[in-house]
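Novice: what's the 3D shape of this:
(2 chains)
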Amino acid sequence: MTTSPPGAELQQQRETALIAAILSGEREKFHDLIRPYERQVYHTALALLKNETEAEDVAQEAILRAYRKLASFRGDARFSTWLLAITLNEARTCLRAEKRASLDSLDSTDYGDGVVTPAQLTDWRELPSEALEREEVRSLMQQAIAELPVTFREVVILRDMEELSVNETAEALGISISLVKVRLHRARLLLQKALAPRLRVAWKPEKKRGVIRRLPWF
Amino acid sequence: MVLNCRHVWDRISDYIDGTLDPEVRADVERHLAHCEICSAVLDSTRNIIILMADDRVFELPVDFSQRLHARLDAVLSSEAPDSA
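Specialist: Below you'll find the model as predicted:
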């Protein structure tokens, strides 16, 4: 079952044509090739580095590297997956250079013996996407993502934020599909555990107007 | 197979991605039908995944794109890609 999302094939054809044109001298077409992925590249860099300035530098370096190495791109992977793999490499190099890797272990595969207990709230109410208009909600999410071990963070960023498939995530990270699934599962539960209680408190659509609300657990 | 809550939590991610075997999926659904806690764990996890996919969580720095393309211009005008 290898169904592509609608439009994916067209996009791939467009990219193949752009790459051929760039390699035969129409260099300015690289702008068009890269434009749809700027955001993904930046997010991926930010996921690892947690610092906006460094993430921007790494994103730029990764994109320049992709340009220089374009001839080595093989059509067997999607261009976006190849580009994100380059971005992850650049970001890891940057991390190592700063020796931050030792503080934020790169091999936390056995994190917590794999047992994550989710937050158990029976009164969970769905948070609408307009909640993200609120700075408070955004920063809670950023903080929870930043607190994940880096190996989990990179998986959940690629899979849930950038919406790569499990296979593409495995390819971009150079790890097995089963490891992607294990890390993704733990990352999602860790996010749920960290976020569900805080988001519930942060998001109160109705105004309290000074009335003391009766809390069900008192 | 009768699943307890821990069994269900262990399968939440695969359940959301639709990658459980049909039999296991049915077992999970049977549990969810009567377990308020696991239903809330599922709903909140799913909701957080939906919010994660929203571009507003991390916004691009102001003028990110402008700076990137300016830098690209400088490189594109002076360098060809490496040969394979």
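Novice: Report the secondary structure element holding residue 9.
Specialist: Went with chain A since none was named. helix A:8-23 (DSSP states H and E).
Novice: looking at chain B here, not the other one
Specialist: In this assignment (DSSP H and E), residue B:9 forms part of helix B:5-10.
Novice: Same question for that helix: list its buried residues.
Specialist: Neighbour counts over helix B:5-10 (16 or more other CB atoms under 10 Å in any protein chain shown) mark B:8, B:9, B:10 as buried. Just so you know, the C-beta spots here come from the backbone N, C-alpha and C atoms, and that holds for glycine as well.
Novice: Excluding chain neighbours, what is closest to residue A:82?
Specialist: residue A:73 (5.5 Å; CB to CB, 6 or more residues apart in numbering or on different chains).
Novice: Can you name the residues that contact the one you found?
Specialist: Listed by CB atoms under 8 Å, 6 or more residues apart in numbering or on different chains, the contact set of residue A:73 reads A:19, A:66, A:79, A:82.
Novice: coming back round to it: any residues touching whichever helix or strand comes after the helix holding residue B:9, and which ones?
Specialist: Next along the chain after helix B:5-10, taking DSSP H and E as the criterion, comes helix B:12-17. Judged by CB under 8 Å, 6+ apart, the contacts made with helix B:12-17 from elsewhere in the structure are A:118, A:166, A:181, A:184-185, A:188-189, B:20, B:25, B:28, B:41-42, B:45-46, B:49.
Novice: Does chain B have contacts with the helix or strand harbouring residue A:182?
Specialist: Residue A:182 belongs to helix A:177-202 when assigned by DSSP H and E. Yes - applying CB under 8 Å from any CB of the partner chain, one finds helix A:177-202 in contact with chain B at A:181, A:184, A:185, A:188, A:189, A:191, A:192, A:195, A:196, A:199.
Novice: Now that helix: average pLDDT?
Specialist: Per-residue pLDDT over helix A:177-202 has a mean of 91.
Novice: thinking again about what came up before, kindly list the main-chain dihedrals of the residue nearest to residue A:82?
Specialist: phi -70, psi 130 (degrees, to the nearest 10).
Novice: ok, and the closest non-adjacent residue to the spatially most central residue of chain B?
Specialist: The centroid of chain B falls nearest to residue B:49 when counting by CA atoms, centre = their mean (5.0 Å). Once flanking residues are discounted, residue B:49 sits nearest to residue A:160: 5.2 Å by CB to CB, 6+ apart.
Novice: Distance of the one you found relative to residue B:30?
Specialist: Note on residue A:160: its distance to residue B:30, by CB to CB, to the nearest Å, is 27 Å.
Novice: Ok, residue A:51 next?
Specialist: 46 Å.
Novice: Spell out the residue ranges of the helices in chain B.
Specialist: For chain B, the helices defined by DSSP state H occupy B:5-10, B:12-17, B:22-34, B:36-52, B:64-78.
Novice: got TSV for the ones you listed, with mean pLDDT too?
Specialist: Shown next, in TSV, are the helices of chain B (pLDDT from 0 to 100):
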stretch	mean pLDDT
helix B:5-10	94
helix B:12-17	96
helix B:22-34	96
helix B:36-52	93
helix B:64-78	96
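Novice: Of these, which is nearest residue A:9?
Specialist: Taking CB to CB, helix B:12-17 is the member of those nearest to residue A:9, at 22.7 Å.
Novice: so for stretch A:84-94, what's the average pLDDT?
Specialist: On average, stretch A:84-94 scores 92.
Novice: what about residue B:55, how many neighbours?
Specialist: Residue B:55 has 11 neighbours, counted by other CB atoms under 10 Å in any protein chain shown.
Novice: Next, the contact list for it, please.
Specialist: residue A:39.
Novice: make it 10 Å
Specialist: By CB atoms under 10 Å, 6 or more residues apart in numbering or on different chains, the residues touching residue B:55 are A:39, A:43, A:132, A:161.
Novice: next one: residue A:21
Specialist: A:27, A:28, A:29, A:30, A:32, A:33.
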